[in-house]
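Engineer: Fold the following and give me the result.
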Amino acid sequence: MASLLGQFFTSIRGSQEDIASKGLAYILEKSISAKIVINNVIKNTTNLEFGKIKYITQNIGKNKERPDISGMDDQGNEKIIIEAKFWASLTDNQPVEYLKRLKEQAVLIFICPKLRELSLFDEIETKLQISNITYNKNNNIIIVNENKYIFVIDWQYILEIIKQSLIENSEIKLVSDIDQIIGFCEIIDNNTFLPIQDYDLSPSVARRISSYYDLIDKIYDKLKIEINARIKLDEESKGSLKSTGQRFGYSKYFYIENYCIALELHFILWKTITDTPFWLVIKEDWEKPQSSEFKNKLKKISATTNIKIYENDTNDLLYFALKPKLNEVEDVVITDLANQIILIMKEL
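Structural biologist: Numbering: from 1, shown residues only. Next up, the predicted model:
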């Protein structure tokens, strides 16, 4: 979700976690229904029930520990600590010093990206073990001293259910505010290095990605036979188009009729737009952008062929997203992707 706050992500200095947690604290301060959502999440996870809770930020403790958000009951007892995490490691105070300041029947919640839930939970356990703190585990909940609970939840889940509650309770002004936080968290996720998982290092991953490069060349070879694709415009042309590796992947340049074609393995479009690595760009001239008239023609072809087309904001070009057949052998995949291109070209 795009948001104004997210657009300034790269200009923000300091802790993005602080901005996200202060935004969440603001929502909790202003909205009774948002407070109820947190109480319900806690009840459903731990069976602890809380009444009225007041949320404050940066409540510094005796050992200079500073939780992002503290939830206080009517008697001023700290019953809830909420800590915002993205991809940074736990600090020296987390979670041990936080647990020390919590009394009986209390909960420590870490909010993080979905992909980090498992590794963060393991990191919390390690910290407890190093500090010789005895605990029990019940599914994804850590229980200390039989009445202090720790659990990890993901940003998208908690923000979306709060947003839904705001809508249902007609707190419309706060909906746009939480949309800002959601957009900001998405930008952080999309611009942050993801921890390497065991599976990421499997040779099968390298083999898979390598095969995508090979498919681009093999699709071109199929198009040479089926529709006279070629790397020279005509016999008199002096130079030939060359395939090139790109930061985003790989491009195969060629001609079909007089049209300029780029068949691309495009990781950025795959990551940000839709679920395919294979993309097709058609131009009338290599040196000129797609004209408005030509873009309209491409959009009509997209509607006719049911092959989705998307605009790449970085270069103002329209790209066809070529979806490969699933669970098929290589020849079938190559033929199908080539046929999608042939179908598009016949409409031109």
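
Engineer: ok, and for the top helix by length along the chain, which residues are buried?
Structural biologist: Secondary structure of the chain per DSSP state H: the longest helix is helix 203-227. Applying a neighbour-count criterion of 16 or more other Cβ atoms under 10 Å, one finds 212, 213, 215, 216, 218, 219, 220, 222, 223, 227 buried in helix 203-227. Glycine gets a C-beta too; all of them are placed from N, C-alpha and C.

Engineer: tell me which of the residues you listed is nearest to residue 152?
Structural biologist: Nearest to residue 152 out of these is residue 212 (Cβ to Cβ; 34.1 Å).

Engineer: how near is the closest one to residue 282?
Structural biologist: Distance from residue 212 to residue 282, counting by Cβ to Cβ, to the nearest Å: 21 Å.

Engineer: So residue 95 sits against residue 125, correct?
Structural biologist: No: the criterion here is Cβ atoms under 8 Å, and residue 95 misses it with residue 125 at 9.8 Å.

Engineer: Number of residues surrounding residue 280?
Structural biologist: 22 (other Cβ atoms under 10 Å).

Engineer: For it, which three-state class applies?
Structural biologist: Put simply, residue 280 is strand when judged by DSSP: H, G, I helix; E, B strand; the rest coil.

Engineer: Who does the closest residue to it other than its chain neighbours form a beta bridge with?
Structural biologist: Of all residues not flanking residue 280 in the chain, residue 320 sits nearest, at 4.2 Å (Cβ to Cβ, 6 or more residues apart in numbering). Here residue 320 sits in beta bridges with residue 280, residue 309, going by DSSP bridges.

Engineer: do you know how far residue 228 is from residue 320?
Structural biologist: Using Cβ to Cβ, residue 228 is found at 20 Å from residue 320.

Engineer: more crowded one of these two?
Structural biologist: The residue with more neighbours, out of residue 228 and residue 320, is residue 320; 23 against 10, by other Cβ under 10 Å.

Engineer: my read: that one touches residue 279, true?
Structural biologist: Yes: in this structure, residue 320 is within contact of residue 279 by Cβ under 8 Å, at 6.8 Å.

Engineer: Export the buried residues of helix 203-227 to JSON lines and append columns for pLDDT and distance to residue 168.
Structural biologist: Converted to JSON lines, these look like this (pLDDT from 0 to 100; distance: Cβ to Cβ, whole Å):
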{"residue": "212", "pLDDT": "96", "distance to residue 168": "44"}
{"residue": "213", "pLDDT": "95", "distance to residue 168": "49"}
{"residue": "215", "pLDDT": "96", "distance to residue 168": "47"}
{"residue": "216", "pLDDT": "97", "distance to residue 168": "48"}
{"residue": "218", "pLDDT": "97", "distance to residue 168": "52"}
{"residue": "219", "pLDDT": "97", "distance to residue 168": "49"}
{"residue": "220", "pLDDT": "97", "distance to residue 168": "53"}
{"residue": "222", "pLDDT": "97", "distance to residue 168": "53"}
{"residue": "223", "pLDDT": "97", "distance to residue 168": "53"}
{"residue": "227", "pLDDT": "95", "distance to residue 168": "54"}
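
Engineer: So which of those residues is the closest to residue 240?
Structural biologist: Closest to residue 240, out of all of these and judged by Cβ to Cβ, is residue 220, at 12.8 Å.

Engineer: Not counting sequence-adjacent ones, nearest residue to the closest one?
Structural biologist: Closest residue to residue 220 apart from its sequence neighbours, by Cβ to Cβ, 6+ apart: residue 252 at 5.2 Å.

Engineer: so how far is whichever strand or helix holds that neighbour off the chain centroid?
Structural biologist: In the assignment (DSSP states H and E), residue 252 maps to strand 249-256. Strand 249-256 has its C-alpha centroid displaced from the chain centroid by 29 Å (Cα atoms, centre = their mean, to the nearest Å).

Engineer: likewise stretch 298-313?
Structural biologist: 24 Å.

Engineer: how does this protein divide up, domain by domain?
Structural biologist: Using automatic domain parsing, the domain parsing of the chain gives 4-190, 201-347.

Engineer: Quick check: the gap between the closest residue in space to residue 227 that isn't next to it in sequence and residue 257.
Structural biologist: For residue 227, ignoring the flanking residues on the chain, the nearest one in space by Cβ to Cβ, 6+ apart is residue 342 at 5.4 Å. For residue 342, the distance to residue 257 equals 12 Å [Cβ to Cβ].
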